[in-house]
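**Student:** Predicted model, plus sequence, below.
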Amino acid sequence: MRSTTLTTLSPLIFILLMLVTNGHAQPMPFNQRVVDSIKAQLPLAKDDTIKVRGLIMLAQMYIRNVDSAMVMKYAVEANAISKKIDYRLGRIDALGQMAFFHAITDDWPKAIMEINEALPLCEEKNWQQRIYLYSVMFMTLSKKRDTKEAKPWALRALRDPHFQSSGATHKWPTYMQLGLAYEQEGQLDSAEFYADILKGYVAKYNSPDMMEASGMMIGDLARKKKKYNEAIHYYRIGKRQNLLGLALTYDELNNIDSAIYYAKAALQSARTVKDGLVAVESAKLLARRYSTIDPKTSNEYLKLYVDIQDEVFNNTKLKALEEIKLNELKNQFDKENQEARFRNSLIQIALIGVAVVFLIAALVFFKSNRIKQTANKKLQQAYSALEATQAQLIQSEKMASLGELTAGIAHEIQNPLNFVNNFSEVNKELLSEMKEEIEKGNIEEAKSLAINVIGNQEKINEHGKRADAIVKGMLQHSRSSSGVKEQTNINALAEEYVKLAYHGLRAKDKSFNAALKTSFDEGAGTVNVIPQDIGRVIINLINNAFYAVSEKSKLLGDQFEPMISIATKKSGDKILISVKDNADGIPEKVRDKIFQPFFTTKPTGEGTGLGLSLSYDIIKAHGGELKVDTKEGQGSEFIILLPVG
């Protein structure tokens, strides 16, 4: 005898149902056995959450076959039952499934309506569903060829409080969509930032969906940068090749036969799965390529292009979209009207109940209302004035910071450039003199001039490298890390970079020696950080300490014993990393400036003034603090505080 609920399904079906319960409305591979098992149980199951999950699973599987009747049948039924039993998560997933299907089949008005209905149902705990709906909205608006309107939805997902702590499964669609948006806007450097992240994911995870979708974005970017071999590689990864991408690549390589072959395959596939955009682009490419070799065939593809274009972007859909916007406004207006009518009803009931004191109540109400209106008006005026003042202050602060940063950049780069320009002018004159001496036969004098030219050229090279270091430091300072946080043994990390810094300094100056003391707390354990970034901070602080004691040692000689201490310690919910030296400390007059970009106490040519500024930003990005404790004549201690979690 078969049970009346879905809980008696085979273990395989039950596990799949649990996965759907914990996930969100994404397509699933079609499995006929699973489909038949669920269908057999549905008529016997009562209307509860388990039945809803089964219906959503069926819709997710049928979407792989682009079977609109079955997808909508099960998704609509799941939504109806969820409404009936007040199952919010079921409604979100059902609406998300309908929206996804309508998005991939170019029915974007319906997709937008369903997303607008699902999003208000998402509570704080439904962040996975919320990010998924943002992704579907991006896809919907991209199908509508509205990148400008689509991009903010991907950014909304990126800025969701739960996004950074989520796994690769939730992150990669957003990274892919941002890459596509920047690539379509022509901002190829920004697109490449996300392409590099996706390449890492593709190499790490064996996910067909991830490989195919990411391969499309990476391939498009590589093709725009004319890296055709890379484009072809990424278009071909995954179970299904990106046929249109291959057609466009071979078209740009002027490989006509391959371009036509893949364009035809792309068109056939797109018509099968109802992908209007791919069909439009494929038909357009075929019409253009056949125009010179077979005008009749070209006209056929041109007519098909026009027909598909009209099918995807017809007036009915545009009108439906406008109706959606009007309905949203109407619903808002109706809601406000309903609230107003409700308030009026309460007032009328109250007036009837206190008819005896009607006149007094009316006078009190009138006076109170006037006072309230006057107060609200004054409050609004004060608030508007405050907003205007705040905006002016923010703008003034931005302009002041920009001016200060620009002046710093100009000052730092101008110094080495002046040397380059001056030595270039001197070399020009020396070479002219050398030419004259050679013509006169004064070889010794010419050699002397050549030696001067070589010396000046070395100076030009030295100061050119100085300018290059400043620019690289600026780029490093402005670039956000692409690393991934991981649980890291803080003691091992500190020890590794201490040795690296010490041996690096010894390689530059073999005569330098300093006592190096370490004190690592065995209870420090691990902390969730980007190891390379924290290592960069540690090595920068240690290099600064080495430099400080080295300079003092040069002045005092044997009277001074250089000493550097590195320590770690766990203090409550924080990990402390300390780098301490016994040099001369930091003068009080410059302590407030040491974390500013381009500020350095080192002589010209020996520091860019970006190390501590960059270190400060890295620690802040990890939710920590970078502090300094210094006394003139006694030394300095830089302290890193990182959260344990």
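**Tutor:** Arrived safely.

**Student:** Where do the strands of the protein begin and end?
**Tutor:** Taking DSSP state E, the strands of the chain run over residues 486-489, 515-520, 526-529, 563-571, 574-581, 625-631, 635-643.

**Student:** Give me whichever of the ones you listed is most buried.
**Tutor:** Across the strands of the chain, averaging neighbours per residue (mean count of other C-beta atoms under 10 Å) puts strand 574-581 on top, at a mean of 22. Just so you know, the C-beta spots here come from the backbone N, C-alpha and C atoms, and that holds for glycine as well.

**Student:** Can you give the strand pairings for that strand, parallel or anti for each?
**Tutor:** strand 563-571 (antiparallel), strand 635-643 (antiparallel) (DSSP bridges).

**Student:** Might you calculate how far that strand sits from the centre of the chain?
**Tutor:** Relative to the centre of its chain, strand 574-581 is centred 31 Å away, using C-alpha atoms, centre = their mean, to the nearest Å.

**Student:** Could you say which one of the strands paired with strand 574-581 comes nearest to residue 369?
**Tutor:** strand 635-643 (51.7 Å; C-beta to C-beta).

**Student:** which residues touch the nearest residue to residue 84 once chain neighbours are set aside?
**Tutor:** Closest residue to residue 84 apart from its sequence neighbours, by C-beta to C-beta, 6 or more residues apart in numbering: residue 47 at 6.2 Å. For residue 47, the contacting residues are 81, 84, 85, by C-beta atoms under 8 Å, 6 or more residues apart in numbering.

**Student:** just the buried members of those residues?
**Tutor:** For the contacts of residue 47, a burial check counting by 16 or more other C-beta atoms under 10 Å picks out residue 81.

**Student:** which among the contacts of residue 47 gets closest to residue 615?
**Tutor:** Nearest to residue 615 among the contacts of residue 47, counting by C-beta to C-beta, is residue 85 at 55.4 Å.

**Student:** Compute the distance between the closest residue to that closest one other than its chain neighbours and residue 57, please.
**Tutor:** Spatial nearest neighbour of residue 85, chain neighbours left out: residue 47 (6.1 Å); criterion: C-beta to C-beta, 6+ apart. To residue 57, residue 47 is 16 Å away according to C-beta to C-beta, to the nearest Å.

**Student:** which stretches of the stretch 401-550 of the chain form helices?
**Tutor:** Here the stretch 401-550 of the chain has its helices, by DSSP state H, counting those that start in this stretch, at 443-478, 490-508, 531-556.

**Student:** Determine which of the ones you listed approaches residue 207 most closely.
**Tutor:** Comparing the helices of the stretch 401-550 of the chain by C-beta to C-beta, helix 531-556 comes nearest, at 25.6 Å.

**Student:** Which residues are in contact with the residue nearest to residue 640 when sequence neighbours are not counted?
**Tutor:** Leaving aside its sequence neighbours, residue 640 sits nearest to residue 577 (C-beta to C-beta, 6+ apart; 4.1 Å). By C-beta under 8 Å, 6+ apart, residue 577 lies in contact with 490, 494, 538, 566, 567, 568, 639, 640, 642.

**Student:** before we move on, back to that, find me the pLDDT at the residue nearest to residue 85, would you?
**Tutor:** Looking at residue 47, its pLDDT is 89.

**Student:** Would you map out the domains in this structure?
**Tutor:** Using automatic domain parsing, the domain parsing of the chain gives 1-135, 242-316, 339-479, 486-643.

**Student:** can you tell me the distance between the two ends of the longest one?
**Tutor:** Between the opening and closing residues of domain 486-643 lies a distance of 13 Å (C-alpha to C-alpha, to the nearest Å).

**Student:** now it, how far from the chain's geometric center?
**Tutor:** Centre-to-centre, domain 486-643 and its host chain are 30 Å apart (C-alpha atoms, centre = their mean).

**Student:** Identify, out of the helices of the stretch 401-550 of the chain, the most deeply packed stretch.
**Tutor:** helix 531-556 (a mean of 19).

**Student:** And that helix, what does it pack against?
**Tutor:** Packing partners of helix 531-556 (3 or more C-beta pairs under 8 Å, 6 or more residues apart in numbering; DSSP states H and E): strand 486-489, helix 490-508, strand 563-571, strand 574-581, helix 611-621, strand 635-643.

**Student:** okay, the angle between it and strand 625-631?
**Tutor:** Between helix 531-556 and strand 625-631, the angle comes out at 10 degrees (axes from the mean of the first three to the mean of the last three C-alpha atoms, to 10 degrees).

**Student:** avg pLDDT for helix 531-556?
**Tutor:** 85.

**Student:** which residues of the stretch 451-600 of the chain score low on pLDDT?
**Tutor:** Along the stretch 451-600 of the chain, the parts satisfying pLDDT under 70 run over 466, 469-483, 507, 597-600.

**Student:** just checking, residue 71 touches residue 56?
**Tutor:** No: contact criterion C-beta atoms under 8 Å: residue 71 and residue 56 do not qualify, at 10.6 Å.

**Student:** Mind listing the shared neighbours of those two?
**Tutor:** Common contacts of residue 71 and residue 56 (C-beta under 8 Å, 6+ apart): residue 97.

**Student:** Looking at these two, which is more packed in?
**Tutor:** For residue 71 versus residue 56, neighbours defined as other C-beta atoms under 10 Å are more numerous around residue 56 (29 against 25).

**Student:** Touching, that one and residue 78? I think so.
**Tutor:** Yes: with contacts defined as C-beta under 8 Å, residue 56 counts as touching residue 78 at a distance of 5.0 Å.

**Student:** overlap in contacts of the two?
**Tutor:** Common neighbours of residue 56 and residue 78 (C-beta under 8 Å, 6+ apart) are 90, 93, 94, 97.

**Student:** okay, those residues in TSV with neighbour count and distance to residue 632 next?
**Tutor:** Formatted as TSV, these follow (neighbours: other C-beta atoms under 10 Å; distance: C-beta to C-beta, whole Å):
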residue	neighbour count	distance to residue 632
90	25	68
93	32	65
94	28	69
97	32	68
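
**Student:** Spell out which two among the residues you listed are the most distant pair, please.
**Tutor:** Checking the shared contacts of residue 56 and residue 78 with C-beta to C-beta, the most distant pair is 90 and 97, at 10.6 Å.

**Student:** No more questions from me, cheers.
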